[in-house]
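Novice: Sequence first, predicted coordinates after that:
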Amino acid sequence: MVQTTPTRRDDIRNIAIIAHVDHGKTTLVDGLLHQSGIFRANERVAERVMDSLDLERERGITILAKNTTVHYGNVKINIVDTPGHADFGGEVERTLAMVDGVMLLVDASEGPLPQTRFVLKKALEANLPPIVCINKIDRPDARVGVVLDEIYDLFIDLDASEDQLDFPVVYTNARAGIATRDLKQPSENLKPLFDLIVQALPGPAGDIQGPTQFQANNLDYNDYVGRLAVGRIKNGTLAVGNYTLCRMDGTQQPVKVTQVYGWEGLKRIELPIAEAGDIVALAGIEDIGIGDTIADRENPRPLPALRIDEPTIAMVFSANNSPWSGREGEFVTSRKLRERLQYEQRKNVSLRVADTDQPDAFQVTGRGEFQLAIVIETMRREGYELQVSKPTVVTREINGTLHEPVELLVIDVPEDFIGVVSQLLAMRKGKMTKMVHAGSSRVRLEFSVPSRGLIGFRSRFLTDTRGTGIMNALFDGWAPWHGMIQGRSNGAMVADREGTATPYAIFHLQERGIIFISPGDRVYEGMVVGEYSRDVDLNVNISREKKLTNIRAAGRDENIIITPHREMGLEDGIEWVGDDELVEVTPESVRLRKKVLKQSDRPRRRQEDGD
């Protein structure tokens, strides 16, 4: 067989957009879609069309990478929206394997922030050429020149090559839909950005005549055609027909592709044939996994496996066995829980699911507690009932010594809180590595902290900085075990019987600590109803009622004033619970409980957290 050399296609650009949370990435994609004429004049289009999940819209973040296609002249531009949060790094790495260039989007006031650093580092390591887009130039506190210098510093810090350092810059206001290469020359549309993408970024290289090679970088599901594998054709062509599926473990099997889809805007369209460089979705192969290769039938050549960073945080998911299990959820058995977790693992390569010594409990490891909280939140919205343990870190042995994951923690706070934050992190074995005064009254601090030390840190940090602090953590490798870290120092108030919380009982208990429930909430024995002010657990009767007498004297009735309770959401609960506690999650409620519900079966004194 004659070898042909890969050629670059000039009619396609495959690009990924890199940006920190809330820097305007999804809004900019909206503008590109509208100005490329994808939508009809009378078509109703939601804002932030790329954030299609309810969770993404509520939190203003991108969780799953998504594709869209716009046409500019004769060029088809495939845009992939990448997650900005480091916990969804599994999505990021797969996304970058599909593209030939990246657009770094940075806020004109905030400058490059940690999550930008995470994805950009991956892109530079993959030798992808970048273009830089400085967005929100209309902000009154925009500091475009300083931000551009910070971007250069970031590239140098990440060991960018000389070619990567010579990046072109475009300035945009995504909300108004304008872009310009020169701030002195105003613009009316995004044409300068379209031109820059076509001129500065290369088309995909591939050998159209060679044997077919397509790698599944993402999975999707369609009710009519079943599982879809999304990825890019590296070489050859793809159409409906017979191929070989090359798995990550080296095995091969014959398969049939029943449909090939491309994109037109956000809509999926059927294609008769696709060529090297196209990003497509394939139907017909039910058991394809992420990283698997669809190769030529006669001459199968698998592509290199995708390299994914290892998970660092573990939690135990188990079937709900509280006294009220099955009352609020649709799926309550361990069999349903196992099926759902295995489905999640097939979709998400940065997640691992393993059996434990208990038949109804599974160990789930991921990139961070935030990623695992998103999985739990998604499951509860689908009707699952489950209970989850306190997050723990994954350790490994290197050269005979125990190592644990370490995070690079970047904190942005007003100057007044430097001492508070430093003290808080010193208790958690954090070491300050950098301090930068941004010129205003705020300071940016960098710490090296064991991942263990960050479990439960966020809520304490926000309380101590009175809500003014911003924090972002990034996986920064492995280091020898740092020793014991003091866990939660307060005990729990635990309900000693089933009943309904009364204002009278809460009024008398609130001086002993912080209450988590409101009057009228139902409780069961072993349910955590508050945080005790001392370091031991306190069993309480929160359903106690005032005894009535037939004597009424003036001034005897107390005016009951109840302090507002602390609402414990899913993430708050995961951060707060100790080793002997669980978070019970149902579609309607999040409750904290003891692992051992009966008071007589629990030890008298709470075990100190020997993390």
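Specialist: Thanks, I have the structure now. Numbering: from 1, shown residues only.
Novice: how much space between the closest residue to Pro202 other than its chain neighbours and Leu33?
Specialist: Excluding its sequence neighbours, the residue lying closest to Pro202 (CB to CB, 6 or more residues apart in numbering) is Asp100, at 5.3 Å. Using the backbone N, CA and C atoms, a C-beta is placed for each residue, glycine as well. The gap separating Asp100 from Leu33 is 20 Å, by CB to CB, to the nearest Å.
Novice: what do you get for Asp220?
Specialist: Asp220 is 20 Å from Leu33, by CB to CB.
Novice: Compare those two and say which is more crowded by neighbours.
Specialist: Each of Asp220 and Leu33 has its neighbours counted (other CB atoms under 10 Å); Leu33 has more, 20 against 16.
Novice: my guess is the more buried one meets Thr69, correct?
Specialist: No - look at Leu33 against Thr69 with CB atoms under 8 Å: they stay out of range, at 9.4 Å.
Novice: shared neighbours, the two?
Specialist: The overlap between the contact sets of Leu33 and Thr69 (CB atoms under 8 Å, 6 or more residues apart in numbering) consists of Gly265.
Novice: ok, so what distance separates Gly206 from Val80?
Specialist: Taken as CB to CB, the span from Gly206 to Val80 is 17 Å.
Novice: the more surrounded of those two?
Specialist: Each of Gly206 and Val80 had its neighbours counted (other CB under 10 Å), and the higher figure belongs to Val80 (26 against 23).
Novice: Tell me the pLDDT of that one.
Specialist: Looking at Val80, its pLDDT stands at 80.
Novice: so what's it closest to, chain neighbours aside?
Specialist: Ala16 (4.7 Å).
Novice: Please apply the same query to Ile285.
Specialist: Val255 (4.9 Å).
Novice: How is that neighbour assigned, secondary-structure-wise?
Specialist: strand (DSSP: H, G, I helix; E, B strand; the rest coil).
Novice: Check the burial of it by counting its neighbours.
Specialist: 19.
Novice: likewise Leu158?
Specialist: Around Leu158 there are 15 residues (other CB under 10 Å).
Novice: Relative to Leu337, how far out is the closest residue to Leu509 other than its chain neighbours?
Specialist: Nearest residue to Leu509, sequence neighbours excluded (CB to CB, 6+ apart): Val540, at 5.8 Å. The gap separating Val540 from Leu337 is 32 Å, by CB to CB.
Novice: quick one: Arg567 is in a strand?
Specialist: For the record, residue 567 is Glu, not Arg. No - counting by three-state DSSP, Glu567 falls outside a strand, being coil.
Novice: For the nearest residue to it once chain neighbours are set aside, give me phi and psi.
Specialist: Spatial nearest neighbour of Glu567, excluding adjacent residues (CB to CB, 6+ apart): Phe516 at 7.7 Å. With angles defined as degrees, to the nearest 10, Phe516 sits at phi -100, psi -10.
Novice: Tell me which helix or strand comes right after the worst-scoring helix or strand of the chain on mean pLDDT.
Specialist: In the chain, the helix or strand scored least confidently by mean pLDDT, DSSP states H and E is helix 54-59, which has a mean of 46. Proceeding N to C from helix 54-59, the next assigned helix or strand is strand 66-72, under DSSP states H and E.
Novice: just checking, what packs against that next one?
Specialist: helix 25-35, strand 75-81, helix 191-200, strand 259-264 (3 or more CB pairs under 8 Å, 6 or more residues apart in numbering; DSSP states H and E).
Novice: Make JSON lines from the ones you listed and add distance to Gln215 to it.
Specialist: As requested, the helices and strands packed on strand 66-72 are exported to JSON lines (distance: least, CB to CB, whole Å):
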{"stretch": "helix 25-35", "distance to Gln215": "24"}
{"stretch": "strand 75-81", "distance to Gln215": "14"}
{"stretch": "helix 191-200", "distance to Gln215": "24"}
{"stretch": "strand 259-264", "distance to Gln215": "15"}
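Novice: quick one, which of those is nearest to Tyr384?
Specialist: With CB to CB, the closest approach to Tyr384 among the helices and strands packed on strand 66-72 belongs to strand 75-81: 27.4 Å.
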